[in-house]
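Q: I would like to see how this sequence folds:
(chains A and B)
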Amino acid sequence: PTWNFIMKAPEDTKSPLLFVTKEDDEDQKVFLLSSAKVRHDGRLLNEIRNISIQSDVVHNATGSAYVEMGGTKIIGSVFGPRELARGEEFSLEGQVNCSLKFAPFSKKFRKPPNQEQEDKELSILIGQAMKAATRCVTFPKLQIDINLLVLEDCGSVLSVAVLCASVAMATSGIEMRDLPVACTVSFGKEMFLCDPTSQEEYKPMDYTYITSSTPLTGNLTSIYLSSLGELTGVLQKGVLDVMMSSRVMEVCLEGCLRIRERIKTFLHEFETERKRNM
Amino acid sequence: MDFSVDSLEQCEGQDEDQNCSKHHLNISSSYEDFNEGQGLQIDEQKISSWERWMIHKTIQDRQRQREAMEAKMERRRKEAEVRRKETERRFKANDCHRKWLNEKSQQIKQKKNNERRKKEEWEKMTELQEGDFVVPGDCVGPSTRHSPGKGVYNRGNTFYASLCGRITLKSESSGTHIVSVESCCRSVVVPEKGSVVLCKVVSVTQSYAKVLILSVNNLPLLEHLKGIIRKEEIRSTEKDTVNVFMSYHPRDIVRARVLSLGESQLYTLSTAENELGVIFATSEQNGQMIPINWSEMQCTLTGVKERRKVAKVINAVPIN
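A: Sure, this is the predicted structure:
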């Protein structure tokens, strides 16, 4: 489905961003600052942001979750097991389809309606990871649809999206092999930042965003099934030095384990809530 | 010189050389003997020069033969020596190999022991108790003593949870337990072969009835799935003479059993049992119908009887 509501503004309107002062646009201040190695929002190098999770927010869906990690807000729902779409082959294993969309108001500049590359790339990656994590044998000849909507993008969208999808699946009652968890690390020549905000994230040059010279050379997201020890997805942008690669991956997986602990505490509270209400 | 027959016979026995020409002379076999004069008594004066030459020749022949024999024996001895050395060497090599094999097998045994010890320790550590909260992916315990139930899957030698909830143990008759996870969220149900479903008839033709599956094993489905009841599977007796329109009408609620997953989007269902068939139906005048017998239902508004394949519901409360 496409976003069809493009409303025309009156002719003499101007974009509010033209009136924004230069101070809001500082990239240089972001990185490592005092000798205490603290980032601009007070976190350490390998600290993740605070996570807020709510579930059962979409009542029609089998399972749903709303997750905020710092400023990044994503809402996700799981429908299924459903009939296969027409034209699909018969198979004794179920299918998992995932679709991630950025709301037009999610980024700093409005997302043009036809730009779907990032959506598709992340959808495919998350779909693969979720399919590897569910026990597809339990729903033969049926499919599960995961829909994710990014309401605000303040950095490391992929990891928050995977977190949202796995909480939604866990609260839906569909059998899974493990909870997939993802973490993003952006790295530079000799440093790395775990769970970057949008200013700390590495963005390859694209037409809406002109980067000044940053010490960052790339970022790496890995989707990890921590109990089983399986990596189900890796997305890397930029240039990664061979020497740094293992260190960066280690930091990534550590972050994944921390996020998994967070999910587990949330699910425990969810279960006690349920019991109390029943 | 002793020319008697007895001495000749004795000589034949003593002589090893087969090529010995049975000369009437009693000649000893070695030249030395001849030199020493043992066993050979030649009267020098009585033999002629030809005889002397003959004796000399035979002695020489015998000596050559003896040497040849000895050379042969020597060669054989040497070959035997070489062969012996070869087998010794091979044996030594085999020995080395055997030692290496022994070492290797010992190493493997040690490794296995270590692994077994570690596994036992780990089993003791990770075995979760009944009532523990688990999340998908958590290890529930070793799979040797229990069998898996709902919410638990087997990978290698251990059980992992696949739902979030609490662990329950049910004891089976054979002494083992069934480990399962009681889900704290809604339970997701899927029609399987052999499960009993409740469905609503959508359309009826001459050869089948299409239905929408509403619930499986008394658990409601969130989204309806499609199924088909063919003409041959409506009844268990007289399958060919079935009239589909006299068994089901659209909007009937039917209890059926899943025969198979079927092809493209339809599950194959069957009502060929006494307990399966129409449970609830409305007549053409929109009145609720009650069953009269296994093939007729009567409308409560008008009293009109209509034909259906009625299910025998055992716990039904009689309306009268």
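
Q: Please count neighbours and contacts with C-alpha atoms only from this point.
A: Will do.

Q: burial of residue 141, as a residue count?
A: Picking chain A for this. 27 (other CA atoms under 10 Å in any protein chain shown).

Q: The chain in question should be chain B.
A: Neighbours of residue B:141 using other CA under 10 Å come to 23.

Q: Go ahead and confirm it touches residue B:156.
A: No: Residue B:141 lies out of contact with residue B:156 (CA atoms under 8 Å); the separation is 11.4 Å.

Q: what's the spacing between residue B:233 and residue B:307?
A: 17 Å (CA to CA, to the nearest Å).

Q: typed the wrong thing, it's residue A:98
A: Noted for residue A:98: a distance of 47 Å to residue B:307, by CA to CA.

Q: Check the secondary structure at the closest residue to chain B within the stretch 51-200 of chain A for me.
A: Relative to chain B, the nearest point of the stretch 51-200 of chain A is residue A:178 (3.9 Å; CA to the nearest CA). Secondary structure, DSSP: H, G, I helix; E, B strand; the rest coil: residue A:178 is coil.

Q: pLDDT score assigned to it?
A: pLDDT, residue A:178: 93.

Q: Leaving out the residues flanking it, which one is nearest to the closest residue to chain A within the stretch 101-250 of chain B?
A: Per CA to the nearest CA, residue B:137 is where the stretch 101-250 of chain B lies closest to chain A, at 3.9 Å. Sequence neighbours aside, residue A:178 is the residue nearest to residue B:137 in space, at 3.9 Å (criterion: CA to CA, 6 or more residues apart in numbering or on different chains).

Q: Please apply the same query to residue B:251.
A: In space, and not counting its chain neighbours, residue B:251 is closest to residue B:201: 5.3 Å by CA to CA, 6+ apart.

Q: which residues are there in the stretch 151-300 of chain B that come within reach of chain A?
A: Residues of the stretch 151-300 of chain B lying close to chain A by CA under 8 Å from any CA of the partner chain are B:151, B:153, B:160-165, B:183-188, B:190, B:222-223, B:225, B:261, B:263-265.

Q: List only buried entries from the residues you listed.
A: Among these, the ones that count as buried by 16 or more other CA atoms under 10 Å in any protein chain shown are B:151, B:153, B:160-165, B:183-185, B:187-188, B:190, B:222-223, B:225, B:261, B:264-265.

Q: can you tell me which of those residues are in strands?
A: Cross-referencing those against strands under DSSP state E gives B:153, B:160, B:161, B:165, B:183, B:222, B:223, B:225.

Q: Pipe those into TSV and attach pLDDT and distance to residue A:57 per row.
A: Formatted as TSV, these follow (pLDDT from 0 to 100; distance: CA to CA, whole Å):
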residue	pLDDT	distance to residue A:57
B:153	91	29
B:160	90	28
B:161	91	25
B:165	90	20
B:183	86	19
B:222	87	17
B:223	88	19
B:225	92	25
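
Q: from the chain's centre, how far out does stretch B:288-305 sit?
A: Its chain's C-alpha centre and that of stretch B:288-305 lie 59 Å apart, by CA atoms, centre = their mean, to the nearest Å.

Q: List the contacts of the lowest-mean-pLDDT helix or strand in chain A.
A: Lowest on mean pLDDT, DSSP states H and E among the helices and strands of chain A sits strand A:192-194, with a mean of 87. Residues outside strand A:192-194 that contact it (CA atoms under 8 Å, 6 or more residues apart in numbering or on different chains): A:45-48, A:183-187, A:200, A:248, A:251-252, A:255.

Q: ok, then the element right after that strand?
A: Sequence order places strand A:216-225 as the next helix or strand after strand A:192-194, per DSSP states H and E.

Q: Beyond that next one, next helix or strand please.
A: Once strand A:216-225 ends, the next helix or strand along the chain (criterion: DSSP H and E) is strand A:230-238.

Q: I'd like to know which elements that following strand is packed against.
A: With contacts taken as 3 or more CA pairs under 8 Å, 6 or more residues apart in numbering or on different chains; DSSP states H and E, strand A:230-238 sits against helix A:117-133, strand A:216-225.

Q: do that again at 10 Å, thanks
A: helix A:117-133, strand A:180-188, strand A:216-225 (3 or more CA pairs under 10 Å, 6 or more residues apart in numbering or on different chains; DSSP states H and E).

Q: tell me the most buried of the ones you listed?
A: Ranked by mean neighbour count under mean count of other CA atoms under 10 Å in any protein chain shown, the helices and strands packed on strand A:230-238 are led by strand A:180-188, which reaches a mean of 29.

Q: Quick check: beta-bridge partners of the closest residue to residue B:142 other than its chain neighbours?
A: Spatial nearest neighbour of residue B:142, chain neighbours left out: residue B:158 (4.2 Å); criterion: CA to CA, 6+ apart. Bridge pairing for residue B:158 (DSSP bridges) gives the partners residue B:142, residue B:155.

Q: From residue B:167, how far off is residue B:158?
A: The gap separating residue B:158 from residue B:167 is 15 Å, by CA to CA.

Q: Which of these two has more residues huddled nearby?
A: The residue with more neighbours, out of residue B:158 and residue B:167, is residue B:167; 22 against 16, by other CA under 10 Å.

Q: ok, and for whatever helix or strand the more buried one lives in, which residues are buried?
A: Residue B:167 belongs to strand B:165-171 when assigned by DSSP H and E. Neighbour counts using 16+ other CA under 10 Å place B:165, B:166, B:167, B:168, B:169 of strand B:165-171 among the buried residues.

Q: now for it, which elements pack on it?
A: helix A:242-277, strand B:133-134, strand B:146-148, strand B:177-183.

Q: Touching that strand from outside, list them.
A: A:171, A:173, A:267-268, A:271, B:128-136, B:140, B:146-152, B:161, B:176-185 (CA atoms under 10 Å, 6 or more residues apart in numbering or on different chains).

Q: Buried ones among those?
A: For these, a burial check counting by 16+ other CA under 10 Å picks out A:171, A:173, A:267-268, A:271, B:128, B:133-136, B:140, B:146-152, B:161, B:177-185.

Q: coming back round to it: out of the ones in strands among the buried ones among the residues of the stretch 151-300 of chain B next to chain A, what pair is the most spread apart?
A: B:160 and B:225 (30.1 Å; CA to CA).

Q: Provide a list of residues in contact with residue A:221.
A: By CA under 10 Å, 6+ apart, the contact set of residue A:221 is A:156-159, A:182-186, A:194-195, A:233-237, A:248-249, A:252-253.

Q: 8 Å - rerun?
A: A:158, A:159, A:182, A:183, A:184, A:185, A:234, A:235, A:236, A:252.

Q: ok, now which ones touch the residue nearest to it when sequence neighbours are not counted?
A: Among residues not flanking residue A:221 along the chain, residue A:184 sits closest, at 4.2 Å (CA to CA, 6+ apart). When the contact criterion is CA under 8 Å, 6+ apart, the partners of residue A:184 are A:156, A:158, A:159, A:194, A:195, A:196, A:219, A:220, A:221, A:222, A:252.
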